[in-house]
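K.L.:
Just need the structure, nothing else, for what follows:
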Amino acid sequence: MTDTHTGPAIGDDVVMLTVPADGGYLGVLRTATAGLAARLHFALDEIEDLRIAVDEACAMLLAIATRAAELDCRFTVTEDALAVEVTVTTVRGAKLPSESSFAWKVLTALTTSAAAEATGQRATIRLVTRRTGA
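P.N.:
Predicted coordinates:
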């Protein structure tokens with residue numbers, strides 16, 4: 001997918017969280033996602049969709065993460081959108097699921113846009129959700 005990430009604009013809020021790359025810590029990222037989306041006055045169903053999308057993106061990354069890796073999660077809060085970027089160190093030769101996979105269909109159905117890249121031994125998934133009616 002094409003990367004349209006240009007970084008936060010002046011005035012955007014950026015929240016960084018790092019958790020162990022272990023499914024037991026995904027609740028922390030889901031909770032942070034919900035809290036930030038609520039701050040933007042997302043509807044409850046939009047918040048839940050975004051929580052599910054972040055969970056799915058993290059599951060994709062956990063499947064290819066190195067032992068003792070960490071998930072680096074960057075939330076960028078703009079006036080009408082929440083961008084979530086999750087990165088992990090990957091095992092050699094790791095590949096993310098193809099864009100035609102069920103997992104990607106879930107991500108694109110639940111967010112405004114989804115993109116991924118794997119370079120060297122790092123993989124990143126970026127999700128953007130714009131508030132409905134914004």
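
K.L.:
quick one: the strands in the chain?
P.N.:
13-20, 70-77, 81-89, 113-119, 122-130 (DSSP state E).

K.L.:
Which of those sits closest to residue 43?
P.N.:
strand 122-130 (11.0 Å; C-beta to C-beta). Bear in mind the C-beta positions are built from the backbone N, C-alpha and C, glycine included.

K.L.:
Name every strand pairing with that closest one and say which way it goes.
P.N.:
Strand pairing for strand 122-130, determined by DSSP bridges: strand 81-89 (antiparallel), strand 113-119 (antiparallel).

K.L.:
related to what we said a few turns ago, can you redo the strands of the chain as CSV with distance to residue 60, mean pLDDT and mean neighbour count?
P.N.:
Below are the strands of the chain laid out as CSV (distance: least, C-beta to C-beta, whole Å; pLDDT from 0 to 100; neighbours: other C-beta atoms under 10 Å):
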stretch, distance to residue 60, mean pLDDT, mean neighbour count
strand 13-20, 16, 95, 13
strand 70-77, 11, 96, 19
strand 81-89, 9, 96, 22
strand 113-119, 8, 93, 17
strand 122-130, 7, 96, 21
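
K.L.:
Looking at the ones you listed, which is nearest to residue 98?
P.N.:
strand 113-119 (10.2 Å).

K.L.:
which of the residues in stretch 104-111 are buried?
P.N.:
Buried positions in stretch 104-111, judged by neighbour count with 16 or more other C-beta atoms under 10 Å: 104, 106, 107, 108, 110, 111.

K.L.:
Just the residues contacting that stretch, thanks.
P.N.:
49-50, 52-53, 56-57, 97-98, 114, 125, 127-129 (C-beta atoms under 8 Å, 6 or more residues apart in numbering).
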